[in-house]
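1. give me the fold of what follows.
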Amino acid sequence: MTHVPYPYKNLETMRYIFISIGKKRIAKAVDFRPLKTNNFVNLSFGDLLPNGSIDDSISSNNGDIVKVLATVVDILKHFTTQHPETLIFFAGSSDERTKLYTRILKTYYIPFGKEYAIYGIINMGEYYETVPFDPKSDLDYLAFVIKKNN
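-> Here you go, the predicted model:
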């Protein structure tokens, strides 16, 4: 993405916050939470609630989605520079969001794919399979895994 991100703060090793400035000011957070599998973290993102949790299902409609997503990508780059061996798992909080993430990955695949290995998780009926992400495919990805290229 070539869009200018919002400034952000890395409050804790695994949490970043920034302010979305559109129709109103909305605090956003990006968390990287360790999963049970070694070197895997879950990326969660959404509105930062007063109790410190993240609402990843809300649609803020703040009019700045491109800048917000550019910020999340910039945060991802910062995090993976600090933790280059980490695999990042993420999925939408709904089918619509996962499809949005698929469209974004397809649109920005060429520049993003130079820095990251991108995989999609698909349903094979009785099991799930992780396959290389193909921007020309019509596969219904359920989630994604990315890793910084060495």
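
2. hey, let's count contacts and neighbours off CA atoms from now on
-> OK.

3. show me the contacts for P7.
-> 18-19, 71 (Cα atoms under 8 Å, 6 or more residues apart in numbering).

4. residue boundaries of the strands in the chain?
-> For the chain, the strands defined by DSSP state E cover 8-12, 15-21, 25-34, 40-48, 54-55, 87-90, 116-123, 128-132, 143-148.

5. for the fifth one, name the packing helices and strands.
-> It refers to strand 54-55. strand 40-48 (3 or more Cα pairs under 8 Å, 6 or more residues apart in numbering; DSSP states H and E).

6. over to the third one?
-> Other elements packing on strand 25-34 under the criterion 3+ Cα pairs under 8 Å, 6+ apart are strand 15-21, strand 40-48.

7. can I get those strands in CSV with distance to K148?
-> Rendered in CSV, the data for those read as follows (distance: least, Cα to Cα, whole Å):
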stretch, distance to K148
strand 15-21, 19
strand 40-48, 13
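
8. want to throw those into a markdown table with mean neighbour count?
-> Conversion of those to a markdown table gives the following (neighbours: other Cα atoms under 10 Å):
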| stretch | mean neighbour count |
| --- | --- |
| strand 15-21 | 20 |
| strand 40-48 | 20 |
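
9. ok and the longest helix along the chain relative to strand 15-21, angle-wise?
-> Taking DSSP state H as the criterion, the chain has its longest helix at helix 65-82. Here helix 65-82 runs at an angle of 160 degrees relative to strand 15-21 (axes from the mean of the first three to the mean of the last three Cα atoms, to 10 degrees).
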